[in-house]
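below: sequence and its predicted model.
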Amino acid sequence: MTGDPLFEDDEVNAPLDAEEREQLIPSYITFRYELNEAEQINIGDGMGWAYSGRRDVLDSDFLSELHRRMFGDVWRWAGQYRRTPRNIGVDAYRIGMEVRQAVDDARYWRENSTYTPDEIAVRFSHRIVAIHPFPNGNGRFSRLIGDILAEQLGQPPFTWGSVNLVDVEDTRAQYVAALRAADGHDYEALLAFAQS
């Protein structure tokens, strides 16, 4: 099987700096599809952990631990906030306080029924992906925490376009467009996408 070189820049994956790339754990990985497969297996492990007990997704320590469990077999930096600049997300030094603020806001929305349960979960998911707290995996991570929060609020998990967004360009483009609309405080498209 052939594939794209592992660290070739593309429109789907956040670029990693040299130090972040050096923290790849499996030495056999040389192509992007191998990385995607290894991460998907690890994500399954993280999901199993997240759903194995009653855990409050609205806790910044839980969020870091979940990311570590989703990517920790693949990346040494898993669960650690990024320290490098990106062309998306907040400045690295602001990540901790922005995540805590997002958690506090979502708790307030939940306690005061500010929005519908689905909208609370989608808004929280969007806030986390907009912060872009980790070197990579932020989209997959934020969608999972959106699902967990929806379920904690008594709703079914979202379908997020009903496909794997890593592999389907058109659906990923719809997701990115919906995120951009949400960046402008219009959550209608993102909510519809999450439920599609």
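Yep, that arrived.

list the contacts of L35.
L35 sits next to L6, L24, I29, V74 when contact means C-beta atoms under 8 Å, 6 or more residues apart in numbering. Where you see a C-beta, it was placed from the backbone N, CA and C, and this is true even at glycine.

distance of G89 relative to I128?
Distance, G89 to I128, using C-beta to C-beta, to the nearest Å: 10 Å.

this protein: helices as residue ranges?
18-21, 32-51, 60-71, 95-112, 117-131, 138-152, 169-183, 188-195 (DSSP state H).

R82 is nearest to which of those?
The minimum distance between R82 and these falls on helix 95-112, with 6.9 Å, by C-beta to C-beta.

give the buried residues for that closest one.
I95, E98, V99, A102, V103, D105, A106, W109, R110 (16 or more other C-beta atoms under 10 Å).

quick one on the thing from earlier: and the contacts of L35 as JSON lines, adding pLDDT, neighbour count and distance to G137?
As requested, the contacts of L35 are exported to JSON lines (pLDDT from 0 to 100; neighbours: other C-beta atoms under 10 Å; distance: C-beta to C-beta, whole Å):
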{"residue": "L6", "pLDDT": "72", "neighbour count": "16", "distance to G137": "15"}
{"residue": "L24", "pLDDT": "95", "neighbour count": "17", "distance to G137": "13"}
{"residue": "I29", "pLDDT": "92", "neighbour count": "17", "distance to G137": "15"}
{"residue": "V74", "pLDDT": "97", "neighbour count": "21", "distance to G137": "9"}
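
tabulate those (TSV), appending distance to A182.
Putting these into TSV (distance: C-beta to C-beta, whole Å) gives the following:
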residue	distance to A182
L6	31
L24	31
I29	33
V74	28
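
out of those, which is nearest to L63?
V74 (18.1 Å).

who's in contact with the residue lying closest to G146 once chain neighbours are set aside?
With sequence-adjacent residues excluded and distances taken as C-beta to C-beta, 6 or more residues apart in numbering, G146 is closest to S125, at 3.1 Å. Contact partners of S125, counting by C-beta under 8 Å, 6+ apart, are S142, R143, I145, G146, L149, A194.

now S125: how far from S27?
Separation of S125 from S27 (C-beta to C-beta) stands at 33 Å.

ok so, going back, G89 and I128 - which one has more neighbours?
I128 (25 against 19; other C-beta atoms under 10 Å).

wait, what's in contact with the more buried one?
With C-beta under 8 Å, 6+ apart, I128 has these contacts: L63, V99, A102, N138, F141, S142, I145.

any chance of the contacts of S125 in a markdown table, plus neighbour count?
What follows is the contacts of S125, written out as a markdown table (neighbours: other C-beta atoms under 10 Å):
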| residue | neighbour count |
| --- | --- |
| S142 | 25 |
| R143 | 21 |
| I145 | 22 |
| G146 | 26 |
| L149 | 25 |
| A194 | 25 |
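
okay if I get those residues as JSON lines plus distance to R69 and pLDDT?
Converted to JSON lines, the contacts of S125 look like this (distance: C-beta to C-beta, whole Å; pLDDT from 0 to 100):
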{"residue": "S142", "distance to R69": "15", "pLDDT": "98"}
{"residue": "R143", "distance to R69": "16", "pLDDT": "97"}
{"residue": "I145", "distance to R69": "12", "pLDDT": "98"}
{"residue": "G146", "distance to R69": "17", "pLDDT": "98"}
{"residue": "L149", "distance to R69": "17", "pLDDT": "97"}
{"residue": "A194", "distance to R69": "23", "pLDDT": "96"}
